[in-house]
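Asks: only geometry, no sequence info:
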């Protein structure tokens with residue numbers, strides 16, 4: 001009880017101490033069934049507080065929840081198993097173990113449809129399935145599953161925050177949806193979600209919910225190329241992250257903050273991200289952070305004219321994402337590679353090859369924002385070659401498919417390019 005009470009107050013170090021002490025006394029419980037129930041509760045709670053104390057991807061998190069799963073599957077299926085699977089899916093997803101993640105998701109959804117009270121299994125399974133598809137770069141599927149999760153969410157059902165890896169479940173689902181919407185060409189909807197969350201942020205006191213509100217607001221704005229706005233929000237969040245002391249949240253918050261500053265020309269922030277934040281992520285086993293930030297680092301190299309180091313980074317990143325399958329930003333990596341090659345030699349035939357790969361990949365992924373960026377860059381190259389009619393057809397075809405976001409930076413840039421092309425005809 002002392003451990004659970006400390007966990008509810010986010011006193012993670014104190015909670016772990018109480019819980020580990022309690023676990024050591026289980027050998028004195030004679031009744032096998034009672035001992036098994038207690039061991040399940042101890043491992044479930046220890047896994048939850050370990051996320052806050054060590055970080056999502058620390059081995060102890062996996063150990064506690066795996067042991068809890070082992071015990072739970074020997075007992076009747078209960079909501080406790082849903083929470084265990086929810087946390088394990090998050091652990092493996094952020095560790096880039098996609099096969100294990102997908103196996104757990106499918107099991108979770110299967111249980112959800114096979115038992116009468118399968119609500120939590122369905123909710124958690126849909127949430128993580130949507131999130132995984134963001135990482136995989138399958139944005140149409142991501143939007144579908146995340147929307148489904150929101151549609152079935154029932155606010156009246158209490159979900160203990162200390163057992164939920166993302167805090168308030170509806171907020172956690174919506175922030176992932178906002179990023180997916182931004183990339184897939186619905187920037188107004190994405191911005192609306194971000195705005196709403198920031199308006200209600202002060203109502204929330206738990207570290208996981210606040211992390212998803214502020215860090216994801218910064219992330220969505222970075223994707224929207226609103227770097228100054230992202231910096232302001234993330235600057236507000238960092239003291240909150242330090243107050244709670246959750247290592248993963250501090251790392252991710254500081255990483256987004258440094259990237260938002262680096263995009264605005266702060267090279268010290270860029271160096272800190274590459275030399276400190278990324279190294280910390282690698283030591284924590286948080287492989288997903290490198291996938292998430294891969295194209296941002298590449299683009300900052302590009303903006304600063306460091307094409308040699310930029311190409312080394314891009315080629316290394318493409319190898320990494322090919323291994324993990326986390327292709328969220330792969331189309332962007334090919335686009336940026338093409339622009340770097342142009343910076344070194346405007347006549348290099350690989351420029352058009354890489355820009356075309358970016359265009360085709362983003363189209364398959366339903367990443368319309370990235371598709372528009374690739375089309376604009378390819379159009380600029382074609383304009384230099386005198387292919388004016390093909391250029392206009394390429395850009396306008398994608399631009400005209402958008403139904404919102406015409407005041408966004410990407411769409412305004414595309415409209416300006418179309419005006420320039422029109423003047424050349």
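Replies: Looks like it arrived, so ask away. From a predicted model like this one, the values you see are computed outputs, not experimental measurements.
Asks: what's in contact with stretch 332-350?
Replies: Residues outside stretch 332-350 that contact it (C-beta atoms under 8 Å, 6 or more residues apart in numbering): 294-295, 298-299, 301-302, 305, 307-308, 310-311, 314-315, 317-318, 321, 351-355, 357-358, 361, 370, 373-374, 377, 381, 384. The C-beta positions use only the backbone N, C-alpha and C, and glycine is treated the same way.
Asks: Buried by neighbour count, from these: which ones?
Replies: 294-295, 298-299, 301-302, 307, 310-311, 314, 317-318, 321, 351-352, 354-355, 357-358, 361, 370, 373-374, 377, 381 (16 or more other C-beta atoms under 10 Å).
Asks: out of the residues you listed, which are inside helices?
Replies: When DSSP state H is applied, the buried ones among the contacts of stretch 332-350 are split such that 294-295, 298-299, 301-302, 307, 310-311, 314, 317-318, 321, 351-352, 354-355, 357-358, 361, 370, 373-374, 377, 381 fall in helices.
Asks: Please, where are all the strands along the stretch 151-300 of the chain?
Replies: In the stretch 151-300 of the chain, no strands are defined using DSSP state E, counting those that start in this stretch.
Asks: For it, just list every one of the helices.
Replies: 169-183, 187-200, 207-223, 227-244, 247-263, 267-272, 278-284, 287-303 (DSSP state H, counting those that start in this stretch).
Asks: Just send those back as CSV, with mean pLDDT and distance to residue 129 too.
Replies: CSV is the format used below for the helices of the stretch 151-300 of the chain (pLDDT from 0 to 100; distance: least, C-beta to C-beta, whole Å):
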stretch, mean pLDDT, distance to residue 129
helix 169-183, 98, 11
helix 187-200, 98, 19
helix 207-223, 97, 18
helix 227-244, 95, 27
helix 247-263, 96, 22
helix 267-272, 98, 34
helix 278-284, 94, 24
helix 287-303, 95, 16
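Asks: Dump those into CSV; add distance to residue 124 as well.
Replies: As requested, the helices of the stretch 151-300 of the chain are exported to CSV (distance: least, C-beta to C-beta, whole Å):
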stretch, distance to residue 124
helix 169-183, 8
helix 187-200, 20
helix 207-223, 15
helix 227-244, 23
helix 247-263, 19
helix 267-272, 35
helix 278-284, 24
helix 287-303, 18
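Asks: Quick one, which of those gets closest to residue 159.
Replies: With C-beta to C-beta as the measure, helix 169-183 is the member of these nearest residue 159 (5.6 Å).
Asks: Check which helices and strands that closest one sits against.
Replies: helix 119-136, helix 139-152, helix 187-200, helix 207-223, helix 368-384 (3 or more C-beta pairs under 8 Å, 6 or more residues apart in numbering; DSSP states H and E).
Asks: closest one to residue 62 among the helices of the stretch 151-300 of the chain?
Replies: Closest approach to residue 62 among the helices of the stretch 151-300 of the chain (C-beta to C-beta): helix 278-284, 12.7 Å.
Asks: What strand or helix carries residue 41?
Replies: Per DSSP states H and E, residue 41 falls inside helix 32-54.
Asks: List the buried residues for that helix?
Replies: Here helix 32-54 shows 36, 38-54 as buried, counting by 16+ other C-beta under 10 Å.
Asks: can you check stretch 132-140 too?
Replies: 132, 133, 134, 135, 136, 137, 138, 139.
Asks: for stretch 78-93, same thing?
Replies: 80-93.
Asks: Now that we have the helices and strands packed on helix 169-183, can you turn them into JSON lines and tack on distance to residue 339?
Replies: JSON lines is the format used below for these (distance: least, C-beta to C-beta, whole Å):
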{"stretch": "helix 119-136", "distance to residue 339": "24"}
{"stretch": "helix 139-152", "distance to residue 339": "23"}
{"stretch": "helix 187-200", "distance to residue 339": "22"}
{"stretch": "helix 207-223", "distance to residue 339": "18"}
{"stretch": "helix 368-384", "distance to residue 339": "6"}
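Asks: Which of the ones you listed sits closest to residue 326?
Replies: That would be helix 119-136 among these, by C-beta to C-beta, at 4.5 Å.
Asks: Rounded mean pLDDT for the closest one, please.
Replies: In this model, helix 119-136 has a mean pLDDT of 97.
Asks: Show me what that helix is packed up against.
Replies: Taking 3+ C-beta pairs under 8 Å, 6+ apart as the contact cut, helix 119-136 packs with helix 79-94, helix 98-114, helix 139-152, helix 169-183.
Asks: Please produce a markdown table containing these, extended by distance to residue 197.
Replies: Conversion of the helices and strands packed on helix 119-136 to a markdown table gives the following (distance: least, C-beta to C-beta, whole Å):
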| stretch | distance to residue 197 |
| --- | --- |
| helix 79-94 | 19 |
| helix 98-114 | 25 |
| helix 139-152 | 13 |
| helix 169-183 | 6 |
